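Chemist: Turn this into a model:
(chains A and B)
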Amino acid sequence: MNNTFLSNSPTETKKIAADLADTLNGGEVIAFYGDLGMGKTCFTTGLAEGLGFTGEVSSPTFAIINEYIGGRLNLYHFDMYRVSGWDDLYSTGYFDYIESGGVLAVEWSENIESALPDDVIKVTIKRIDETKREITVNRGEAV
Amino acid sequence: MKILSVECSASPASCAIIDNGIIKASSFVNAKLTHSQTLMQMIINTLDNSATKLSDIDNIAIAVGPGSFTGLRIGISAVKGLAAPTGTPCIPVSTLDGMAYNFTDRDCVVCAVMDARCNQFYNALFDIKDGNITRLCDDRALIGNELKEEVEKLSPDKQIIICGDGADLFYKSVSELKNIIVAPENLKFQNAVGIGMFTYKNYENVSTVSPNELLPVYLRLPQAERELKAKNNQTEAKV
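Modeler: Below is the predicted model of the structure:
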């Protein structure tokens, strides 16, 4: 199922993400597609806020994983940019986080395409202009 | 001889105290809690509840793999910490060896399976006859279909029992075989009691290591050879 939204600002992007957060039950993997500067971290901030997390959200470029704990569900924010193989992925604890009952938000998910679950939620962000974005949320069906 | 055993290779975590072959205490949790927050308290409580001092423990046995990356590291780190002050000898045990010990009361083949995700399993097969366990293969990581084919080749005359955290998932692929069952809930999961009993029964043969030498055993996943990254055009198509 595809849902496409038009966002005119980071605030609207966060609202779209917070609405998505309301529909989550735990165990979901949200995979981001889109170039640098599209607002993936902004979207993740909206997810975290929507789940009731009150701390700071930042890109886990160096940490690979940031944990946002204390909201309705725990949110685990991954950056897979430097993950280049199955052994790397295994050693991030990715599979253990999926089991944990929290929600995973994955940047650079292209790098782990084969390890995404069948029911992954794909979020694609496209640039319309400087501030406008087209956001597509695709909910895969479990096979 | 007192053995403290610890098992947290996957979602469940457990510990036990085996005193000369008798289960003096055991504790098991399978509640999606993080082992890093629960395991040490569980070990302390189990020692306290059975009036056992850590200094009474002769050996600490630990499931060193196969298993989840995080789970194994938490268990091994905890054991290293407990064993380091007194240099208590540690005994690394295969997670799958521990599982087979639940079924020594019957003649059967035990198919111990752990979910390694993406249709992969960690597995070993054991033959049990007259209470004696014979290992039929080394611990390995393999694709679900490969394991299915092997299980189908086993003798149809012998009961096959599937156990481990991957039991229900793997059973779906072999449920049409008449001689195969999933272990009942009370015997299904890996448990520190099995790790401790394996250690006790094989005490003459198991190797002990210093806390410093204790390391996890990771099995290479078959899909590690497969492309993890999306091909550019495929990504476009999928999006």
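
Chemist: quick one, what contacts the closest residue to A:Ile112 other than its chain neighbours?
Modeler: For A:Ile112, ignoring the flanking residues on the chain, the nearest one in space by CB to CB, 6 or more residues apart in numbering or on different chains is A:Met80 at 5.2 Å. From N, CA and C alone the C-beta is placed, and that goes for glycine too. A:Met80 is in contact with A:Ile64, A:Leu89, A:Val106, A:Glu107, A:Trp108, A:Ser109, A:Glu110, A:Asn111, A:Ile112, counting by CB atoms under 8 Å, 6 or more residues apart in numbering or on different chains.

Chemist: so who does the last one touch?
Modeler: Read that as A:Ile112. A:Ile112 makes contact with A:Met80, A:Val83, A:Leu89, A:Tyr94, A:Val106, B:Leu228, B:Lys229, according to CB under 8 Å, 6+ apart.

Chemist: if you set the cut-off to 7 Å instead, what comes out?
Modeler: Contact partners of A:Ile112, counting by CB atoms under 7 Å, 6 or more residues apart in numbering or on different chains, are A:Met80, A:Val83, A:Leu89, B:Leu228.

Chemist: So is stretch A:82-96 next to chain B?
Modeler: Yes: residues of stretch A:82-96 contacting chain B under CB under 7 Å from any CB of the partner chain: A:Gly85, A:Trp86, A:Asp87, A:Leu89, A:Tyr90, A:Ser91, A:Gly93, A:Phe95, A:Asp96.

Chemist: Tell me the residues on chain A that lie near chain B, please.
Modeler: By CB under 7 Å from any CB, the residues of chain A that approach chain B are A:33, A:85-87, A:89-91, A:93, A:95-96, A:99-101, A:110-115, A:122, A:124.

Chemist: Just the contacts of A:Met80: which are in helices?
Modeler: With helices defined by DSSP state H, the entries of the contacts of A:Met80 inside them are A:Leu89.

Chemist: Show me where the chain dips below the pLDDT cut-off.
Modeler: Using chain A. Counting by pLDDT under 70, chain A contains low-confidence ranges at A:141-143.

Chemist: nope, chain B please
Modeler: Per-residue confidence for chain B (pLDDT under 70) gives these ranges: B:231-239.

Chemist: What sits closest to whichever residue of it sits closest to chain A if chain neighbours are left out?
Modeler: Relative to chain A, the nearest point of chain B is B:Ala230 (3.4 Å; CB to the nearest CB). Ranked by CB to CB, 6+ apart and with sequence neighbours excluded, the top spatial neighbour of B:Ala230 is A:Glu113, at 3.4 Å.

Chemist: Could you check how far the one you found is from A:Ser59?
Modeler: Counting by CB to CB, to the nearest Å, the gap between A:Glu113 and A:Ser59 amounts to 20 Å.

Chemist: thinking again about what came up before, can you flag the buried ones in the residues of chain A next to chain B?
Modeler: Under a neighbour-count criterion of 16 or more other CB atoms under 10 Å in any protein chain shown, the subset of those counted as buried comprises A:33, A:85-86, A:89-90, A:93, A:95-96, A:99-100, A:110-113, A:115, A:122, A:124.

Chemist: Return the closest of the contacts of A:Met80 with respect to B:Ile160.
Modeler: For those, the closest approach to B:Ile160 (CB to CB) belongs to A:Leu89, at 32.2 Å.

Chemist: ok, now which ones touch the residue lying closest to A:Trp86 once chain neighbours are set aside?
Modeler: If you skip the residues right next to it in sequence, A:Trp86 has B:Ala224 as its closest partner in space, 4.0 Å away by CB to CB, 6+ apart. Residues touching B:Ala224, when contacts are defined by CB under 7 Å, 6+ apart, comprise A:Gly85, A:Trp86, A:Asp87.

Chemist: thinking again about what came up before, so which of the contacts of A:Ile112 sit within helices?
Modeler: The members of the contacts of A:Ile112 that map onto helices under DSSP H are A:Leu89.

Chemist: out of the contacts of A:Ile112, which one sits closest to B:Ser210?
Modeler: A:Leu89 (31.5 Å).

Chemist: my guess is the closest one contacts A:Ala115, does it?
Modeler: Yes: the pair formed by A:Leu89 and A:Ala115 meets the contact definition of CB atoms under 7 Å, at 5.9 Å.

Chemist: Mind listing the shared neighbours of these two?
Modeler: B:Leu228.

Chemist: and chain B, which residues reach chain A?
Modeler: That would be B:11, B:32, B:68-71, B:117-118, B:221, B:223-224, B:226-230, B:235, B:239, which are the residues of chain B within reach of chain A (CB under 7 Å from any CB).

Chemist: Any quick PyMOL command for the buried ones out of those residues?
Modeler: This is how PyMOL selects the buried members of the residues of chain B next to chain A, with burial counted by 16+ other CB under 10 Å:
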select buried, chain B and resi 11+68+69+70+71+117+118+221+223+224+228+229+230+239
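
Chemist: Export the contacts of A:Ile112 as JSON lines, with columns for distance to A:Gly37.
Modeler: Output for the contacts of A:Ile112, formatted as JSON lines (distance: CB to CB, whole Å):
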{"residue": "A:Met80", "distance to A:Gly37": "18"}
{"residue": "A:Val83", "distance to A:Gly37": "21"}
{"residue": "A:Leu89", "distance to A:Gly37": "25"}
{"residue": "B:Leu228", "distance to A:Gly37": "25"}
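
Chemist: Against B:Ala84, how distant is B:Leu177?
Modeler: With the distance defined as CB to CB, B:Leu177 ends up 47 Å from B:Ala84.

Chemist: And the helices in chain A?
Modeler: Going by DSSP H, chain A shows helices at A:10-22, A:40-50, A:86-92, A:94-99.

Chemist: Next, the angle from the second one to helix A:10-22.
Modeler: Taking axes from the mean of the first three to the mean of the last three CA atoms, to 10 degrees, one finds that helix A:40-50 is oriented at 50 degrees with respect to helix A:10-22.
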